[in-house]
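J.: could you work out the structure for the sequence below:
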Amino acid sequence: QVQLVESGGGLVQAGGSLRLSCTASGTMYQIIEMGWYRQTAGTQRELVAKFATSGITNYADSVKDRFTISRDDAKNAVFLQMNSLKPEDTGAYYCKYSVVPRPYASYLEVWGQGTLVTISS
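T.: The predicted structure follows:
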C-alpha cells in the first residue's frame, strides 16, 4: 500500500516562501505521475505542478515563474518550492502519486493528507 506524507505548510506573509515536501512509502512498480494540487474554500482541487512519466513538468499558469517542483527519486520524495507567495495561494496543498503497484496491475491514484498554506496580506 502506497502512503504519502506531506510537510512544510504554514503561515507566511505575502512575498514570502515555503517549501513543501512529500515522501512516499510502499511498493511502487512504476510511478506515472507525481505532483501537487491545491484546494481553496469553495473550489475544486486543482493542479499546481506535476511531473509526468516523460519527466516533463506542468505548472498552473497562476504559479509559473514562482513555484518549482523537484524530486529526489532516491528518497521517493517530491518537493514544491513556493516563492513570491500571494494571498490567493492560500489553501490546502495535496501531494498525489499515480502509480502502478506491481506488474500488470492497474494504476492507482494516491493522495496525501494535505498541508495547509496560509498567506497573509
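
J.: what number of residues lie near the closest residue to Pro101 other than its chain neighbours?
T.: Nearest residue to Pro101, sequence neighbours excluded (Cβ to Cβ, 6 or more residues apart in numbering): Thr27, at 5.6 Å. Using the backbone N, CA and C atoms, a C-beta is placed for each residue, glycine as well. Residues near Thr27, counting by other Cβ atoms under 10 Å, number 10.

J.: wait, what's in contact with Thr27?
T.: 1-2, 101-102 (Cβ atoms under 8 Å, 6 or more residues apart in numbering).

J.: same deal with Thr118?
T.: For Thr118, the contact set (Cβ under 8 Å, 6+ apart) comprises 9-12, 90.

J.: spatially central residue in the protein, please.
T.: Centroid-nearest residue in the chain: Trp36, 2.1 Å away (criterion: Cα atoms, centre = their mean).

J.: okay, that one and Ala52: tell me how far apart.
T.: 13 Å (Cβ to Cβ, to the nearest Å).

J.: helix, strand or coil for the residue lying farthest from the centre of the chain?
T.: Relative to the centre of the chain, the most outlying C-alpha is that of Tyr104, 26.4 Å out, by Cα atoms, centre = their mean. Secondary structure state of Tyr104, per DSSP: H, G, I helix; E, B strand; the rest coil, is coil.
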